[in-house]
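# coordinates for the following, if possible.
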Amino acid sequence: MSKRKAFVNFVKAENIFFMVAVTVLAMAVRLRFFGYISSDYRQFLSGWFELLRQNGGLSAVGINFGDYTPAYYYLLALLTYLPFSGLHLIKALSCAGDVAAAYYVFRIVDRKYGEFWGEIAYAVTLFLPSVILNSAVWAQCDSIYTAALLACICYLMEDRQYLAVTAFSIALAFKLQAVFLAPFLFVLLLKGRIKARCLLIPPLVYVISILPAAVMGRNFWELLTVYFRQSQEYNELTMNLPNLFTWFPADAPESVGRAAVLAAGALVLFTFAYLCAQKFRITDEMLVSLALFYVMLLPYFLPFMHERYWYPADLLSLVFAFYFPEKFYVPVITVMSSVYAYSRFLFGFRFISMKLFSVLMLFNLIWVAIHIIYRIRDGSDWKVMRRGWTD
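Numbers count the residues shown, from 1 in each chain. Predicted coordinates:
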C-alpha cells in the first residue's frame, strides 16, 4: 500500500471515529432528558404505544386510533416488542431520526467542502438545541420526516431525481408538514430538473404506506383522507409559532384563516412566476437556497401553524450557513425562534414577546429571498466571485 493511500485511509478512519464519538456524546446528552414527560406524550403518544403493545404490536395497526398516518404507527408497533418503557422507546426512535438527519446534513455539506466540514456540520446538527428538545424532551418525530426531506435535497444534488422524489414521498407519508418543500420541487419540475413522470411517485408511495393498515382492517378511504381531517382540527391562527399571525388577535374569525391560506397560495404562485421568468443555473448553492426559502415561507404566511413547523428550516438554515458562512445569522435567528417557541409550550416561558421573533424571522425570510435574487441576477457562480458579491 502506498503512503498516500495509507494516509487517506487513516484520515477516513479518523473521521469515522470522530462521528461515532460525537454520536455517542449526543445520545448521552439526550439520555439526561429521557425522563421528561410532555403533555403530548401523556395525551397521545403513551396511549397509542400502549394500545399497540397490548394488542400484539404489528397486528394492531388495523385498529383505528390517533390522527397520524400509519407509517409512524408501524415504527411504534415494531418498538413494542422491546422490553423497555414506551417513553424511552419513542424518544429513542426520534433520536435515531436525529442521527439520520445529521447524516444527510453531513453529506450535503461534505459535497461542497470534502473532509472536515461535513463532520463539523454533523456534530452541530446533533447538538442543535431545537433538535434535542424535539426528540429527547418532547418525544416528537419531526427529525424522521426532515431526514427524508434532507435526503431529497442530497439526491437532487447528485442528479438522482427519482430517488429524491421518493425520499420526499416518504417524508410526506409520515407528516403533512413535508409539503412545505413541495413548492421547491415544483419549481424544479417547471425548470426541467425533475421529470413530470415523477409526479406519480408521491401518491404511489402514500398508497403503499397505508396498505398494511388497510389490509389489517382500517378503512381505506379514512386512511387516504387522514391529512384532510388533520387540517380541520385546529382553528387558532397560530399555536406558538412566531409567524405573521402572531400579530393577529387570538379571537380572529375563521374567515381570516381561510383568506390567509388563499393569500399564501397566491404568494407561492407569484414566486413560481418570478422564478420561471428567470434564467439561472440550478447549482447546489441554488438548491439549498430555494429549499430553505420555501420551508421558511410557508410556515410564516400560513395560519394554524404549530411550534415545531420550522424544524426543517432549522436544519436547512444550518446547511445554508455552511454554504454561505457570512450568513451565519440565518440559523442563529431560526433556531432561537424555534427554541423559544418550544420553551413556551414545554416549560411555559413567556419572557420575550413572540412578535420580536416574528420580526426577526421576517428579516430572515426577506434576506434569503434577496440572496436568491442576487444569485439569479449574477447568472453564474464565477460572476459572483469576480464581482465580489457577499455570496
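
# so which strand or helix has the residue nearest to F357 when sequence neighbours are not counted?
Residue nearest to F357 in three dimensions, not counting chain neighbours: P242, with 3.6 Å by CB to CB, 6 or more residues apart in numbering. The way it works is simple: take the backbone N, C-alpha and C, and place the C-beta from them, glycine included. According to DSSP states H and E, P242 maps onto no helix or strand at all.

# quick check: phi and psi at the spatially closest residue to I282 that is not a sequence neighbour.
Counting by CB to CB, 6+ apart, I282 lies nearest to R193, which is 5.4 Å off, once chain neighbours are set aside. Backbone torsions of R193, given as degrees, to the nearest 10, read phi -80, psi -30.

# tell me the mean pLDDT over stretch 338-356?
The average pLDDT for stretch 338-356 rounds to 92.

# buried residues in it, which are they?
338-346, 354 (16 or more other CB atoms under 10 Å).

# before we move on, what about stretch 21-30?
For stretch 21-30, the neighbour count (16+ other CB under 10 Å) marks 22-23, 26-27, 30 as buried.

# got it, and stretch 197-206?
Quick answer for stretch 197-206 (16+ other CB under 10 Å): 198, 201-202, 205-206.

# can you report how many residues lie near the residue nearest to I282?
15 (other CB atoms under 10 Å).

# for it, give me its contacts.
Residues in contact with R193, defined by CB atoms under 8 Å, 6 or more residues apart in numbering, are 156, 161, 282.

# out of these, which one has the weakest pLDDT?
Ranking those by pLDDT, I282 lands last with 93.

# and that one, helix, strand or coil?
Applying DSSP: H, G, I helix; E, B strand; the rest coil to I282 yields a three-state assignment of coil.

# off-centre distance for stretch 135-144?
Stretch 135-144 sits 12 Å away from the centroid of its parent chain (CA atoms, centre = their mean, to the nearest Å).

# please apply the same query to stretch 200-211.
Centroid displacement of stretch 200-211 relative to its chain, using CA atoms, centre = their mean, is 20 Å.

# what does the average pLDDT come to for it?
The model assigns stretch 200-211 a mean pLDDT of 97.

# count of neighbours near T125?
With neighbours defined by other CB under 10 Å, the count for T125 comes to 26.

# separation between R375 and M286?
Shown here: R375 relative to M286, a distance of 6 Å by CB to CB, to the nearest Å.

# one more: A148?
21 Å.

# of the two, who's got more company?
Using other CB under 10 Å, the more surrounded residue of A148 and M286 is A148, with 25 against 15.

# name the element the more buried one belongs to?
helix 142-157.

# distance between that helix and the chain's centre?
Distance of helix 142-157 from its chain centroid, counting by CA atoms, centre = their mean, is 7 Å.

# who are the packing partners of that helix?
helix 86-113, helix 161-174, helix 284-301, helix 311-323 (3 or more CB pairs under 8 Å, 6 or more residues apart in numbering; DSSP states H and E).

# which residues are in contact with the nearest residue to Q161 once chain neighbours are set aside?
Once flanking residues are discounted, Q161 sits nearest to I194: 5.1 Å by CB to CB, 6+ apart. Applying CB under 8 Å, 6+ apart to I194 gives the contacts 156, 161, 164-165, 185, 188.

# picking up where we left off before, the residue nearest to I282 and A341, how far apart?
Distance, R193 to A341, using CB to CB: 33 Å.

# what of W247?
Applying CB to CB to W247 and A341 gives a distance of 15 Å.

# what of L25?
Taken as CB to CB, the span from L25 to A341 is 26 Å.

# buried stuff in the helix or strand encompassing K355?
For K355, the host element (DSSP H and E) is helix 354-378. Neighbour-count burial for helix 354-378, counted by 16+ other CB under 10 Å, picks out 354, 357-358, 360-362, 364-365, 368-369, 371-372, 375-376, 378.

# what comes into contact with it?
Contacts of helix 354-378 (CB under 8 Å, 6+ apart): 240, 242-244, 246-247, 275, 278, 280, 285-286, 289-290, 292-293, 296-297, 300, 310, 317, 320, 324, 327, 329-330, 333-334, 336-337, 340-341, 344, 384, 387, 389, 391.
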